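Peer 1: sequence first, then the predicted structure, then my questions.
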Amino acid sequence: MTVKVLIKKNTYFDSVSLMSLSTKANQIEGVEQAVVAMGTEMNKGVLRNVGLLVPEVEAAGVGDLMIVVKAASEERCEQALVEVQALFNRKDKAKGTGSVSYATLDSAVKNVPEANLAIISVPGEHAAREARKALANDMNVMLFSDNMSIEDEIALKTAAHDKGLLVMGPDCGTAILGGVGLCFANAVRRGSIGIVGASGTGSQEVSVRIHDFGGGVSQLIGTGGRDLSERVGGIMMIDGLRALARDEDTKVIVLVSKPPAKSVEKKVLAEIKTCGKPVVVCFLGGSEAAVVEAGGIFGKTTKEAALKAVVLAGRNESEINKRALNLPLIEEIRAKLKPEQRYIRGLMCGGTLCDEMMHMALEKFPNVYSNIAKKAEHRLKDVDKSVDHTFIDFGDDDFTRGRPHPMIDPSLRIERFLREAADPSVGVIVMDFILGFGAHEDPVGVTLPAILQAKAQAEREGRHLEILGYVLGTDIDTPSLAEQTQKLAAAGVTIASSCHNSGLLARGFVEKKEGL
Amino acid sequence: MPCLAIVQRPPAAAAATEWRGRSADVRLLAELAGHGWSGHVHSVFARTVNLERSDGVLTTLAARDCDNAPRTVRVEARSFSASGITVGDAVSASASCIRVGECFQLSMQSVDAWSGTLPAFNADLHRLAANLFTVKSRLGRLGKAGGMVPDPLHAGGWAGEVSALLGRTAALLRWSLSRGDCDAAVRHARSLLGLGPGLTPSGDDFLVGLFAVLNVARSPAPEWRSLGKHTLDGADALTNAISLAALREAADGRVRESMVELLRQMMLGTSAGLAAPMDRVLAIGSTSGADIVAGMVSGTELLLERARRVTMTNNTHAAGTLCLELQLNLERKHAGDSLP
């Protein structure tokens, strides 16, 4: 083993950057250990304890930044330090003036008068004011911010409707407009299918499935999760549907949402008849009869909705790989599980993915619980404690107040995963790994050490730990779907190709006798 | 349909930047009103800039979304990325403005004064214990691991060793304080200085939280207030200047606004009101927020334990007095009620 050191004299980076650099440095191939820390006596003392104290480290001062790398060979060490230095250079560049930023929306409008969309991501209490400014400047609005009052949401959407503009959100994380993916959107083929989604990861899932089935997306309009509530009344879903009806590039429309309020569902479905284009409706847990009666096409799940849309857009169904389940694998996993390993634990970053899997489990088991269940009898009493079949949405407010969404920072889920993996009653743990422009740059990589640790522990205890992974992404995402799934597979994780299949597989694994 | 217009523009030519101060620490304002000072830029981050006075004392310029804090001026702007300020620029500060280099000037004319007064210790020990329980549970659930909160994924190597050492030393510090061994407490507190990851090492952040709690008014253990000062005496070489500045202020009972609010809620509020201020503290830095809360939890546990002991002792005294009175009464009765 060789140890190499880089000392940056009197260099101050904020703690978040240091932690991020440390994580990335430890992920460089061939690096056994990398330490990025200030050169204090105590830190040097710990380096001594773990055999990393070399003379250059001893000379470091309290204001110096130490980067210590341990790798198998001198060459590896040198290479790693070059990569670490490159990471620092990137940080330095980011601190500089590589892009033009404007302190206020007014100055942005003044300097970029042709811009017609404002993405607003400020604390919720200030978001309405900024959105009003954008609307006053005739700009469409994407509100990534959450925690906005419903009164503000209604007022903004009504004002936008009157001006013929869109207000996507609040809490809207995904949109694709004019071929440009915004916030968490995935890289997908352009095509003729337009999506209006009241659920971010639901919309991502549909767009990715469309891509997988050979179709393409013309536009993806997000509305924010509350749009289909009784009070907001679906203002943006209706305006989005109308916008897609007018859009020449869109031939087929898909509507995606968690279950809407009944009166709003009726209002939205009433738009289908006059829209003049085929509309596939995927309101999870919704009624097929209502959709068919309104002239729409029912998509029970996100996968089914995407498949129907792709076929309606002209793709030959017989040429589509529908990703059939590997039934022998289900038998094989069942045989590996002990009788007491009976429960599914879904640890999800995507709220709609969590909801969809929960619905699929509910079709087979009554004892299903979640932090996002609408019905009180299925709601977890303590979100920290799983009960029987449990599905956790780590993107819900319980877990995101004051910290980033798990699609950006999955650390809470990793901790929970380790706890669930130690539970002998668990039959299968399901996890989603969501790719996208604004998502974590390596969601699988950051979880992999925990997966390996949990698997090793289970093996020591003489039980099989079944982990089911679903990577929501495409071959043209960065990182790519293939790269992420290969990593999972190499760690012994079973791969599902969609949220729908994840739900079917998970319940199949723990169902002892009955069929699927 | 809306579509994105991607417009590339050259960076604006360097020109004098004039910003306005929004709010500032009242003690800093008083100091500037008394006499100006000069120095240079110590360090520049996206949302803060540290100015170093010629005697080494740091003053911070912070973006508008940052907390108010000791020796800090919050400015109107959201970021310093386009301010043109660089490390080493000359600084001159007065009551009316702070000038940095040749092209940045901060007007202090209509700055609001901020004063972060720590709350008093809550004598309602049941409520305090309930609040403490809520904060501990939330810290366990939401606190970022890697510093005072152990990271189960990095149990070995440098990170694991640091985590173990932080936990052990903090426990020894608590134990020394609770048994009244001040010398040992100072020794263990010093062992935390500069220990751990981050610009402000985890051990420092823990101490900032601890010192703040030990400085509350009406503390059941007023003798612990001096722990910070004793720990930092001659400790300049143990951690970096930015961290040391926060520690010195905390030792004097002066901490950032979000910490004051969390402490106020812990002492005087209810469990329901803890989430928002706690989340604001947890959002500080990478693990800094969790490390600070860990220090606040330790400090509150120590004060609570001391207060309970005091209450028990008082109750024991009260019970003893009652027994004595009963005994006297019995003696009197035995004495046939004839005693005066």
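Peer 2: Cool, the structure landed.

Peer 1: where's A:Ser480 relative to A:Ala187, distance?
Peer 2: Using C-beta to C-beta, to the nearest Å, A:Ser480 is found at 9 Å from A:Ala187. Backbone N, C-alpha and C define where each C-beta goes, glycine included.

Peer 1: try A:Met236
Peer 2: The value you get for A:Met236 to A:Ala187, if C-beta to C-beta is used, is 25 Å.

Peer 1: next: B:Gly180.
Peer 2: From B:Gly180 across to A:Ala187, the span is 63 Å (C-beta to C-beta).

Peer 1: in terms of neighbours, single out the busier of those two.
Peer 2: A:Ala187 (19 against 12; other C-beta atoms under 10 Å in any protein chain shown).

Peer 1: and the more buried one, how far from A:Thr302?
Peer 2: Applying C-beta to C-beta to A:Ala187 and A:Thr302 gives a distance of 18 Å.

Peer 1: cool, A:His378 as well?
Peer 2: 21 Å.

Peer 1: looking at these two, which is more packed in?
Peer 2: A:Thr302 (30 against 17).

Peer 1: state the distance from that one to chain B.
Peer 2: Note on A:Thr302: its distance to chain B, by C-beta to the nearest C-beta, to the nearest Å, is 23 Å.

Peer 1: pLDDT at that residue, what is it?
Peer 2: Per-residue pLDDT puts A:Thr302 at 96.

Peer 1: what sits closest to it if chain neighbours are left out?
Peer 2: A:Glu205 (4.4 Å; C-beta to C-beta, 6 or more residues apart in numbering or on different chains).

Peer 1: ok, B:Val73 next?
Peer 2: What sits nearest to B:Val73 in space, not counting adjacent residues and going by C-beta to C-beta, 6+ apart, is B:Ala24, at 4.2 Å.

Peer 1: can you spell out which residues form a bridge with that neighbour?
Peer 2: B:Val73, B:Ala113 (DSSP bridges).

Peer 1: pLDDT weak spots in the stretch 1-150 of chain A?
Peer 2: Flagging of the stretch 1-150 of chain A using pLDDT under 70 yields the residue ranges A:90-101.

Peer 1: now the residue of it found nearest chain B: closest residue in space that isn't a chain neighbour?
Peer 2: Closest contact between the stretch 1-150 of chain A and chain B, by C-beta to the nearest C-beta, is at A:Thr40 (2.8 Å). Excluding the flanking residues, the one nearest A:Thr40 by C-beta to C-beta, 6+ apart is B:Gly194, at 2.8 Å.

Peer 1: surely the one you found and A:Glu41 touch.
Peer 2: Yes: counting by C-beta atoms under 8 Å, B:Gly194 does reach A:Glu41; the two are 6.2 Å apart.

Peer 1: residues shared between the contacts of these two?
Peer 2: Shared contacts of B:Gly194 and A:Glu41, defined by C-beta atoms under 8 Å, 6 or more residues apart in numbering or on different chains, are found at A:Val62, B:Leu238.

Peer 1: and those two? Which one has more around it.
Peer 2: A count of neighbours by other C-beta under 10 Å puts B:Gly194 above the other of B:Gly194 and A:Glu41, at 28 against 16.

Peer 1: and the more buried one, what does it touch?
Peer 2: If you count contacts by C-beta under 8 Å, 6+ apart, B:Gly194 has them with A:38, A:40-43, A:62, B:201, B:203-204, B:238-240, B:243.

Peer 1: so of these, which ones are in strands?
Peer 2: If you go by DSSP state E, those have A:Met38 in strands.

Peer 1: how about the closest residue to A:Gly508 other than its chain neighbours, phi and psi?
Peer 2: Nearest non-adjacent residue to A:Gly508, counting by C-beta to C-beta, 6+ apart: A:Ile330, 4.2 Å away. Note on A:Ile330: backbone dihedrals following degrees, to the nearest 10 are phi -60, psi -40.

Peer 1: neighbours around the closest residue to B:Ala90 other than its chain neighbours, how many?
Peer 2: Excluding the flanking residues, the one nearest B:Ala90 by C-beta to C-beta, 6+ apart is B:His40, at 5.8 Å. For B:His40, the tally of surrounding residues (other C-beta under 10 Å) stands at 15.

Peer 1: now do A:Thr250
Peer 2: 21.

Peer 1: any idea how far it lies from chain B?
Peer 2: A:Thr250 is 9 Å from chain B, by C-beta to the nearest C-beta.

Peer 1: need the contact list for the residue nearest to A:Thr302.
Peer 2: A:Thr302, A:Lys303, A:Ala306, A:Gly350, A:Thr352, A:Leu353, A:Glu356, A:Leu472, A:Ser498, A:Cys499.

Peer 1: looking at chain B, which helix or strand is least sure?
Peer 2: helix B:288-334 (a mean of 69; mean pLDDT, DSSP states H and E).
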